[in-house]
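Peer 1: Show me the folded form of this:
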Amino acid sequence: MLQINNNKAYKLIEDLEALNIVKVLKKTTPSKQKLSSKFSGALNLSEEEYNNFQDSLSQSRNEWERDI
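Peer 2: Okay, here's the model as predicted:
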């Protein structure tokens, strides 16, 4: 896995791969999926756990200082 921060370096890696000098093991492309849909339902909470979680979130949001 490599993080390539420059388009010229990316081209160089592609050229090295074409010459069989290096091999990229896994090519990833950024997911176009929204994070909300990706993680929707990921907690697998019961109805009671979900309600407790929502209550905790609401309580913590109400505790924020708001100087707007």
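
Peer 1: Can you pull out the low-pLDDT segments for this protein?
Peer 2: Scanning the chain with the threshold set as pLDDT under 70 gives 1, 27-31, 66-68.

Peer 1: Show me which helix runs longest in it.
Peer 2: helix 47-62 (DSSP state H).

Peer 1: Other residues contacting that helix?
Peer 2: With contacts defined as CB atoms under 8 Å, 6 or more residues apart in numbering, helix 47-62 is touched by 43, 45. Where C-beta positions appear, they are placed from N, C-alpha and C, glycine not excepted.

Peer 1: Try it again at 6 Å.
Peer 2: The set of residues external to helix 47-62 that reach it, using CB atoms under 6 Å, 6 or more residues apart in numbering, is empty.

Peer 1: Buried ones in that helix, by neighbour count?
Peer 2: When neighbours are counted by 16 or more other CB atoms under 10 Å, no buried residue of helix 47-62 is found.

Peer 1: If you tally nearby residues, what's the number for residue 13?
Peer 2: Other residues within reach of residue 13 by the criterion other CB atoms under 10 Å amount to 15.

Peer 1: Point me to the helix or strand that includes it.
Peer 2: Taking DSSP states H and E as the criterion, the element that holds residue 13 is helix 7-18.

Peer 1: List of residues touching that helix?
Peer 2: By CB under 6 Å, 6+ apart, the list of residues contacting helix 7-18 reads 4, 22, 24.
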